[in-house]
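**Student:** how would this look folded up:
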Amino acid sequence: YVTTNQIGSTGDGIRMIEKLGGTTVDMDQIQVHPTVQQDKSYLIGEAVRGEGALLVSSEGKRFTNELDTRDKVTAAINTLPEKSAFLVFDSGVKTRVKAIEQYEKMGFVIQGDTIGALAKAMNVPGDQLQKTLDTWNSAVKNKKDAEFGRTTGMDNDLSGAPYYAIKIGPGIHYT
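**Tutor:** This next block holds a predicted model:
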């Protein structure tokens, strides 16, 4: 995995504590964050999913409850052949999550004036991405995600053009 930790996080402090007789626990454990931009190892925060973004595969399909626990969302991404996915959202999510401006400045955000244009820019099937968003928008309207049981982050549908995506994969977030 890539890591969201800064380059100076080398574990030296842990070694110093151990030399002084300190003990450690759970050193075999890491916390993995499911939505990390892979080229720059930059964490894409939960707020994007919390405001309604979907995770879709390279086939343009949802494959998990986006707001499940980090380990479960990571495991779902790891079942995909490419071990990565896209966060897909609309202009409403972009307006509500100011961090997206930073992601844009860093060159992470793919944009399309329509769902079809976004699908083309993402290199995913346009008809499938349209179906995915239509199904989601219906779930939001009916307050029931029959596909994956999501119950949060369903206050707003994804119907406000333009549309956006960020390619992500899991990354180490904490040890």
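**Student:** low-confidence regions, this protein specifically.
**Tutor:** For the chain, no stretch is flagged by pLDDT under 70.
**Student:** any idea which helix or strand carries the residue nearest in space to the middle of the chain?
**Tutor:** By C-alpha atoms, centre = their mean, the chain has its centre lying nearest to T35, at 3.5 Å. T35 belongs to strand 31-37 when assigned by DSSP states H and E.
**Student:** now for the longest helix belonging to the chain, which elements pack on it?
**Tutor:** Determined from DSSP state H, the single longest helix within the chain is helix 126-142. Packing partners of helix 126-142 (3 or more C-beta pairs under 8 Å, 6 or more residues apart in numbering; DSSP states H and E): strand 54-56, strand 85-90, helix 115-122. C-betas here are computed from N, CA, C, even on glycine.
**Student:** mind redoing it with 7 Å?
**Tutor:** The contact analysis (3 or more C-beta pairs under 7 Å, 6 or more residues apart in numbering; DSSP states H and E) places helix 126-142 against strand 54-56, helix 115-122.
**Student:** most neighbours per residue, which of those?
**Tutor:** strand 54-56 (a mean of 25; mean count of other C-beta atoms under 10 Å).
**Student:** who does that one touch, helix- and strand-wise?
**Tutor:** strand 85-90, helix 126-142.
**Student:** so which of those is the most packed in?
**Tutor:** Taking mean count of other C-beta under 10 Å, strand 85-90 is the most buried of the helices and strands packed on strand 54-56, at a mean of 26.
**Student:** pull out the buried positions in the helix or strand just after that strand.
**Tutor:** Counting by DSSP H and E, the next helix or strand C-terminal to strand 85-90 is helix 91-96. By neighbour count on 16 or more other C-beta atoms under 10 Å, the buried set for helix 91-96 is 92-94, 96.
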